[in-house]
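> I need the structure of the sequence given here:
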Amino acid sequence: GESEVSKYDIILDVFRTGSISKTAQSKNYSQPAVSQIISSFEKEIGFSVFKREKNGLFPTRQGALLFDSILKITQEENKIQKIVQSCASTDRGTIKIGTFESISTNWLPTILEMFSIDHPSVNYELVHGTYDTIQKDIALDRIDCGFTTSLLSEKNLTFCPLLDDEFMVVLPRGHELSKKAAILAQDLADYPMVISAEGLNYDIGNILDNSHIRPNIRILSGEDMSSVLFVEKGLGIGIFPQLILNGLKKDISCRPFVEHYSRIIGIATQDSPYISPLTRDFIKTVHKYIQERYGKTYVLEDDRQSF
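Purely as a prediction, here's the structure:
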């Protein structure tokens, strides 16, 4: 609501967007309210912070001098919020969780069910992204925690490993490679492939680079589940983590790599003493779920090549 966002937060956002309408939209305000905040701040300090040009708002020379201090104020205000929340109770509130497709379909339904038993009034906001965007959202304090992999692109995150998730080669039923018990990465060079869009930037790109393969990509798809269906129809072979393949009743064959590739999935938060009790409780529930489902806490086997 409008009371929760401070005027400094609004002004800082206008510095960044150069646009009253963009700031109004992202902060859930009306445009006149944003303009009003800026003009009353300018009245208060006695000079203009922004000059209005055709293609947006730009800081005046004096306005630019204020930027760093305003940034610091908003960071301290966030800290106050966090301290207040960390002293508050855990029986209500909203928890914002960064996630990606295989986690949302495989883990979260049961995790949220378990968590809701003790926290019936808590609401959830799930923010879907890539490993990188989830880590960035945590670092920028847009979400409370997020599932990601041990490949950290952001500094100052705390990462708790949960699962060593092995990559499998997925073949249409009856494909000639399915005669092998395990497949060399090198063998994939001869076949058309189905790759989900994240793939080449992350784990799958690493597997292919490692084996110096230029893949023949027949289908590049944004989603893992649909990619598995394309493989099933014989449109190419794919590389998918075990977690996606769990419980899939599809007409496909899955084989491990001879080299054993895997990703380490875990949950990340800011590296900060001000994690809310709600978030801490949630992470405890996640660990409990992993323990119950996989019968062990995280162990990494030595011969995996993890990226």
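> grab the nearest non-local neighbour of Ile134.
Gly98 (3.5 Å; C-beta to C-beta, 6 or more residues apart in numbering). Every C-beta, even on glycine, is put in place using the N, C-alpha and C of the backbone.
> how far is stretch 74-86 from where the chain is centred?
Going by C-alpha atoms, centre = their mean, to the nearest Å, the spacing between the C-alpha centre of stretch 74-86 and its chain's C-alpha centre is 23 Å.
> export it as PDB, just CAs?
Taking Å, rounded to 0.1, in the frame of the first residue of the first chain, the C-alpha atoms of stretch 74-86 are listed here in PDB:
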ATOM      1  CA  THR A  74      16.500   3.700   1.500                       C
ATOM      2  CA  GLN A  75      19.000   1.000   2.300                       C
ATOM      3  CA  GLU A  76      18.800   1.900   6.000                       C
ATOM      4  CA  GLU A  77      15.000   2.000   5.800                       C
ATOM      5  CA  ASN A  78      15.000  -1.500   4.400                       C
ATOM      6  CA  LYS A  79      17.300  -2.600   7.200                       C
ATOM      7  CA  ILE A  80      14.800  -1.100   9.800                       C
ATOM      8  CA  GLN A  81      12.000  -3.100   8.100                       C
ATOM      9  CA  LYS A  82      14.000  -6.200   8.300                       C
ATOM     10  CA  ILE A  83      14.900  -5.800  12.000                       C
ATOM     11  CA  VAL A  84      11.200  -5.100  12.700                       C
ATOM     12  CA  GLN A  85      10.200  -8.200  10.800                       C
ATOM     13  CA  SER A  86      12.900 -10.300  12.400                       C
END
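> what is Arg255 paired to in the beta sheet?
In this structure, Arg255 has beta-bridge partners Val169, where bridges are defined by DSSP bridges.
> pull the contacting residues for the residue sitting nearest the centre point of the chain.
Nearest to the centroid of the C-alpha atoms of the chain, with distances taken as C-alpha atoms, centre = their mean, sits Ile134, at 2.4 Å. Residues in contact with Ile134 (C-beta atoms under 8 Å, 6 or more residues apart in numbering) are Gly98, Thr99, Phe100, Val127, Ile143, Gly146, Phe147, Thr148, Ala268.
> just the buried ones from those, in ChimeraX syntax?
A single ChimeraX command is used to select the members of the contacts of Ile134 judged buried by 16 or more other C-beta atoms under 10 Å:
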select :98,99,100,143,146,147,148,268
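> in strands only, show me the contacts of Ile134.
Applying DSSP state E to the contacts of Ile134, the entries found in strands are Gly98, Thr99, Val127, Gly146, Phe147, Thr148, Ala268.
> any idea how far the fourth one lies from Phe230?
Using C-beta to C-beta, to the nearest Å, Gly146 is found at 28 Å from Phe230.
> do the same with the last one
The gap separating Ala268 from Phe230 is 31 Å, by C-beta to C-beta.
> output stretch 40-48 as CSV, nothing but the C-alphas.
Taking only C-alpha atoms (Å, rounded to 0.1, in the frame of the first residue of the first chain), the coordinates of stretch 40-48 have been written out as CSV:
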residue,chain,number,x,y,z
SER,A,40,6.7,18.5,-2.2
PHE,A,41,10.3,17.2,-1.7
GLU,A,42,11.5,19.9,-4.1
LYS,A,43,9.5,22.5,-2.2
GLU,A,44,11.0,21.2,1.1
ILE,A,45,14.6,21.4,0.0
GLY,A,46,14.2,24.6,-2.1
PHE,A,47,15.4,23.5,-5.5
SER,A,48,14.5,21.2,-8.4
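> excluding its backbone neighbours, what's nearest Ser30?
When the adjacent residues along the chain are set aside, Ser30 lies closest to Ala24, with 6.2 Å between them (C-beta to C-beta, 6+ apart).
> what helix or strand does the residue nearest to the centre of the chain sit in?
helix 131-139 (DSSP states H and E).
> relative orientation of that helix and strand 145-149 in degrees?
Between the direction of helix 131-139 and that of strand 145-149, the angle (axes from the mean of the first three to the mean of the last three C-alpha atoms, to 10 degrees) works out to 150 degrees.
> if we can go back for a sec, so what pLDDT did the residue nearest to the centre of the chain get?
Among the per-residue scores, Ile134 holds a pLDDT of 94.
> is it fair to say Lys22 lies in a helix?
Yes. With the criterion set as DSSP: H, G, I helix; E, B strand; the rest coil, the secondary structure at Lys22 is a helix.
> from the contacts of Ile134, pick the one nearest Glu176.
In terms of C-beta to C-beta, no member of these lies closer to Glu176 than Phe100, at 32.0 Å.
> now the closest one, what are its backbone angles?
According to degrees, to the nearest 10, the main-chain angles of Phe100 amount to phi -130, psi 170.
> go on, Asp190?
Reported as degrees, to the nearest 10, the phi and psi values for Asp190 are phi -90, psi 0.
> and it, what does it touch?
Asp190 makes no contacts at all, as judged by C-beta under 8 Å, 6+ apart.
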